[in-house]
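Visitor: When you get a sec, could you give me coordinates for this:
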Amino acid sequence: MKVRSSVFASTILILEVVGVALFLRGFFPVPVKSSLSSKNKLSDLPPEPLTGGPSNASGTPKPLFKRVVIMLVDALREDFVFGPNGRMFMPYTRHVIERGSSLSYVAKARPPTVTMPRIKALTTGSIPGFIDVVMNLNSPALLEDNLIWQAKTAGKKIIFYGDDTWVRLFPKHFMEHDGTTSFFVSDYTEVDNNVTRHLDSTLKRDDWDVLILHYLGLDHIGHISGPHSSLIQPKLLEMDDILKKIHGALVSKEADGSLPYLLVLCGDHGMSETGSHGGSSEPEINTPLVLISPIFKRKAEMEKPGVVEQVDLTPTLALGLGLPISQNSVGHVIPGVLEESSLREQLRFLHLNGHQLSCLLKDSTPEYEKETGFEQFRVAEKAHGSWMKLYLEGNTSEVLTNMGKKVLKQYLEALAAMSSALSKQLGKYDMYSMIAGMVFVFQLLLVLLLAMPEALSGSASVDLPVLSSLLSLPFYLLCLFLASVHVLVCTSAESSCYFCSLSWGLVFAAVAFSSAMFCILISLARRRLPFGSQFHGKSPQISSGSEWMLSELDVLLLAGTVGHTLSLAASSFVEEEHQTWYFLLNTLCLTVFQDVCRKYFREQRGSGDEEEPILSKKSQTFSHSGSDIYSEKWLALATPPFTLLCCRLLRSLNQTGVQWAHLPDVGHWLNSSEHKVILSLLSAFCLGLIYLLVQRRCSWVSKVALAFGLVGVYSYRAAVGNVLFPWQHSSRTTSKGTVEARFVYVFILGILFSGTKDLLRSQIITADSKLKSKGLWEIYSGLVLLVSLLFRAHNLPVLCCCLLIQTLMAQFIWKKLHYDAAQTTIMHYWFGQAFFYFQGNSNNIATVDISVGFVGLESYVEAPAVFLTALSTYAGPLLWACHLVCYLSSERDRSPVAVGHGCYCLALLRSVPAAAYIVLVTVLRYHLFIWSVFSPKLLYESMHLLLSAGVCLFFITMEQTQPK
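Guide: Prediction:
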C-alpha cells in the first residue's frame, strides 16, 4: 500500500500520541490510598492502650477548639510573612507572631504547586499525583475521606467564601458558600472583595463552627506582574487588615469556660521569582503557617519558625476538632499544638495518629512489618499501655512523668518515620501500561526510520506491506501470543492496571495493531538489508552510488539532534535545556556562515555572473547589475552574524532554567514602573516592524486589517497598564482590556478568513500557486497577529527577531545556498526550539503564563483558555513550523515533493526525543528528581508531540495541491 510521505508521517505522529497517552496513564501514579472504600468513623477508632486489662476509652479526646477559621491566601510565600519585609507587608500578623499567643511554621508543599492538588492535600492529608495539574482546570467532586466530610458528618456547620474550586470539590458540604472563579487572573480586586463583603455579618453570628476563606488576589498579581510588583504590598496590607478584623472578632466573642478558638493563616503554595507556580523551587514550596489561639503560650520575642509538611495540618485540625483523621492522610500531628494538653491526652492524640498511619502503611506496603516506623509504633504502643496501667493505678511519681515523656518521644519518632515512608511512596507505577505504551511508540519510530529512503525519495511515497503482513502466519501467532500475555498479566497483577481495565474490543484492536506493526517492521527491515536503494531527491550531494555524501552541515544537524536527545538523560541538562539549544543554534549560524563564505569566495571565482537572483519576485523583473549582486553577497554574509547578535540579545531578555532564573534580566528591567516609557517606545517600534515584515505578501484588505489589529494590540497593552499612550498619565486606572482584545480578535478572524478563502480557491477552483502562496501567508499573518496580542509587552522583541531572522534566512540563505527540504526543516526546528526558550519558557510548569488564557474574556471559559495558553507557550515552535510550510509551498524552483519531505523530517525530529525520553523516565522512575525535573519535561514533550501532529496534518493539505 503506497502512501504519501506527509500522510505516512502524520499518521505515525497521531498514533504516537496515543501510545504516549497510554504511557502517561501508567507513569503518573495514583496517590497512596487505603484499600477500604468506606471512610473513618468515630466508632472505628482504636481503644486506649492498656497493659493487662480492658481499655476504658475508645473515642477521641475532647476537642481542643470550639471554632476554627482558616484564612488561606493563595500564593502566599513564607518570606512575605517571615522575611525582612514582613513587618512592612503584614505588620499586625508579625506583631502576633512575635508577641502573641501563636505558633509559626514554614509549611512545605509538595510539587505540583498548583491550587487544586494543594487543596486536596490540605483536606485529605494525602499527596496528590502529578497528573492533578491537568485536573486543576476542571476539578471534580472529591470522593475520598477528607476533613470537610468528617466535619459535616460530625454535625459541624461550615461556611466557605472564595475560590470556587472548593465548591466543586465539596458540593453540598457547606452550610453557606459564595465561590469566585480562580482562573480570571486579570482581576485581583473584586475577587477578594467578594470574600471580604461577607465577613462582618458572618463574624457576628454564632451558628457556624468552621469558616474557610480563600483569597485569590495575591496569586493573580503574581501571574500579572511577579512577586516584586508594586501591587504586592497593598494586597498584603489588605490581607493583614482582614486577619486583624477576624482576630479581633474572635477575641471579643471568647467566653470564660468555653473552648478556645483557632485562627489559621496559610498559603496553598508559594510564588516563583517570575510570579508563577507549579514547580519545586524554594519560593514555590515554602508557605507560612501561623496558628493563633489563646491556648498557646504568649511569646516574648520573634522565634525562628519551625518546618513542617503542609499535610501535617490535616491531622492537627482533625484532632483539634475532635474528628477522626482521614484514611489517606500521610501527615503527622504538629506537636506544638498539643503542648498545653495533659500528658494522657497528648499520648492519646499521638496514638490515634499512629494507628491511622500504620493502617495506611499496611494497605500500601506489602512488607509493612519491616518498616522502621511501624516497628517503632508497636514498641511505643506497648510502652503506652504500661504507662496507662500505672496512671490508672494512681501513680503520681516523677518516674511516671519521665516514662510518659519517653513514650511521647517514641511516638513522635514513629510518626515521623511512617509519614516519611508513606510520602516517599507517592504511588504505584502501572508498569504494564507504561511498557505497552513504550513498545507501541518504539514500533512506530522504527517504522518511521526504516521508511526513510522511500519517504525522502523523488516520489515522496512509502510502500507499506500492510496486506501481506495481515495475511501472514506470524501476524496471527503474534496476536495469540500477545493476547495470552495480556490475560496472564491481568489475572496475576497485584495492583490494578489501566490497560487491563479496557474493554476486550479495544485490547484486541491494540494487540492486532501491535502485531501488524511488528510484521511490517520485519518486512521493511528485510527490504533494507541489501542497502541497494538509491536515494533520489534527498540532497544535491549524493554520489552516483548508493551512499550518502554528508556535508559538514549535515553532520552538525545529525550530531546536534542525537546529542540533544542523549543529554535528556541528565537532570541538569533537562533543567538547563535552553543552554543546549543556544549552543546548537550558535554553532549552526557559524556553519552557515562558513557555507556562505565558501559560496561567495571560493566557488564564485569561476562562475562569473551565473548566480541566480535572490531578491523578491518584484525585483526579478529588473536586470541585475553588478552592484545588485554585490549587495546581495554582503547581505548574505551579514545574515549569520546578525542572527547571532539577535540570539545573544534575546538570551538577556528572559532568564530561564533553574540555576540562573533568579538573576535580574532585561525583561524585569523593562517591566519596572520607572521604565514604562522605554517599554512603550520599544513596543511601538516592534509592532511597527512586525507590520513591515508581515504585510509585504498580504492582500490590501489583510494589510489594513493587520495595521488596525496591531494598533489594537498596543491599545490592549495600554488598557492593562503595561504601556502608555503619549497623552496618558502613568498613574491612570487600568482595566481588563476586554474590549481592546476583542477588537483585535475581529481582525485576526478577518485575516484568517481571507487566507482560508484563497487556499480553498487554489485547491477547488483553480490550481494557482500564487493564490495558494498568498493564502498561506495570510494565515501565517493572522497567527503572528494573535501571538503579538498574547505576548507580554517585553516579549514583543522576541516576535520581532523571529520574523526578521525568518525573512533574512529565507531570502539570502536557504534559497541562495540551495539547501534541500530536509536541511531546511531541521534548521526551522532548531530555531523553533531556541525561540521557545527565548520567550522565557523552561521545563518547569511554573513558567507557563496562564494569564494569556483570559485575554479578551470576561469570565473563565475552559476551551479558549486552554487553546490560548498552549498557543502562547509554544508560539516559537509553531511560528517556525508554519513558516516552514509557507516557505516549502511557495518556492517555485523547489521540487514538488518538498512539502512531503519537510513533513516527514518534522515527524522524525519529534518522534526521536519523545520515544527516547519515555525510556529514560522509565529507567529513572526512582530518581531523586523524577517529580521535580523529569515529570514536567515529560508533559512538555507530550504536548509538543500533539501540536506537531496538528502541524503535520496542515502539511497534508498543502501537499495535495502540489503539481505532479
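
Visitor: What sits closest to residue 490 if chain neighbours are left out?
Guide: Once flanking residues are discounted, residue 490 sits nearest to residue 500: 3.7 Å by C-beta to C-beta, 6 or more residues apart in numbering. C-betas here are computed from N, CA, C, even on glycine.

Visitor: all helices of the stretch 701-850 of the chain, in order?
Guide: 738-760, 769-790, 796-809, 821-838 (DSSP state H, counting those that start in this stretch).

Visitor: Output those helices in JSON lines; the columns should cover distance to residue 471.
Guide: As requested, these are exported to JSON lines (distance: least, C-beta to C-beta, whole Å):
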{"stretch": "helix 738-760", "distance to residue 471": "41"}
{"stretch": "helix 769-790", "distance to residue 471": "41"}
{"stretch": "helix 796-809", "distance to residue 471": "49"}
{"stretch": "helix 821-838", "distance to residue 471": "34"}
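
Visitor: out of these, nearest to residue 580?
Guide: The minimum distance between residue 580 and these falls on helix 821-838, with 9.0 Å, by C-beta to C-beta.

Visitor: Now do that closest one against helix 796-809, angle only.
Guide: Angle, helix 821-838 to helix 796-809, by axes from the mean of the first three to the mean of the last three C-alpha atoms, to 10 degrees: 160 degrees.

Visitor: Quick one: neighbours of residue 921, just the number.
Guide: Residues contacting residue 921 under the criterion other C-beta atoms under 10 Å number 21.

Visitor: Contact partners for it?
Guide: Shown in contact with residue 921 (C-beta atoms under 8 Å, 6 or more residues apart in numbering): 27, 930, 934, 935, 938.

Visitor: ok, back up a step: can you list the residues that contact whichever strand or helix holds the residue nearest to residue 490?
Guide: Under the criterion of DSSP states H and E, residue 500 resides in helix 498-501. Applying C-beta under 8 Å, 6+ apart, the external contacts of helix 498-501 come out as 22, 25, 26, 430, 432, 433, 436, 486, 489, 490, 493, 507.

Visitor: which element is the closest residue to residue 641 other than its chain neighbours on?
Guide: The shortest distance from residue 641 to any non-neighbouring residue, by C-beta to C-beta, 6+ apart, is to residue 593 (6.9 Å). Here residue 593, judged by DSSP H and E, is contained in helix 577-601.

Visitor: I'd like to check the angle between that helix and helix 796-809, please.
Guide: Interaxial angle, helix 577-601 versus helix 796-809 (the same axes, to 10 degrees): 30 degrees.

Visitor: after helix 577-601, next one along is what?
Guide: Moving toward the C-terminus from helix 577-601, the first helix or strand encountered (DSSP H and E) is helix 626-653.

Visitor: Now do that following helix: distance to the chain's middle.
Guide: Its chain's C-alpha centre and that of helix 626-653 lie 36 Å apart, by C-alpha atoms, centre = their mean, to the nearest Å.

Visitor: returning to what we had before: looking at the contacts of residue 921, which is nearest residue 822?
Guide: residue 938 (27.9 Å).

Visitor: still on that earlier bit, of the contacts of helix 498-501, which one scores lowest on pLDDT?
Guide: Of all those, residue 493 has the smallest pLDDT value, namely 65.

Visitor: which residue is nearest the centroid of this protein?
Guide: Taking C-alpha atoms, centre = their mean, the centroid of the chain lies closest to residue 845, which sits 3.3 Å from it.

Visitor: so what's that one up against?
Guide: Residues counted as contacts of residue 845 (C-beta under 8 Å, 6+ apart) are 112, 114, 133, 278, 279, 936, 939.

Visitor: Then residue 929?
Guide: By C-beta under 8 Å, 6+ apart, residue 929 lies in contact with residue 571.

Visitor: next one: residue 73
Guide: Contacts for residue 73 were tallied using C-beta under 8 Å, 6+ apart; they are 215, 218, 239, 265, 266, 267.

Visitor: Check residue 236 too.
Guide: By C-beta under 8 Å, 6+ apart, the contact list for residue 236 reads 80, 89, 90, 218.

Visitor: Can you check the pLDDT for it?
Guide: The model's pLDDT for residue 236 equals 96.

Visitor: Quick check: it vs residue 87, distance?
Guide: Plainly put, residue 236 is 11 Å away from residue 87 if you go by C-beta to C-beta, to the nearest Å.

Visitor: mind listing what's buried in the helix or strand harbouring residue 413?
Guide: Per DSSP H and E: residue 413 is located in helix 398-424. Buried residues in helix 398-424, counted by 16 or more other C-beta atoms under 10 Å: 400, 403-404, 407-408, 410-415, 417-423.

Visitor: List the contacts of stretch 77-88.
Guide: Stretch 77-88 is touched from outside by 89-90, 93-94, 97, 104, 106, 227, 232-233, 236, 265, 267, 270-271, 283, 286-288, 290, 305, with contacts defined as C-beta under 8 Å, 6+ apart.

Visitor: Restricted to strands, list these.
Guide: 104, 106, 265, 286, 287, 288, 290 (DSSP state E).

Visitor: Just name the shakiest helix or strand of the chain by mean pLDDT.
Guide: Counting by mean pLDDT, DSSP states H and E, the chain has its least confident helix or strand at helix 132-135, which shows a mean of 55.

Visitor: Am I right that residue 307 is in a helix?
Guide: No: read with DSSP: H, G, I helix; E, B strand; the rest coil, residue 307 is strand and lies in no helix.
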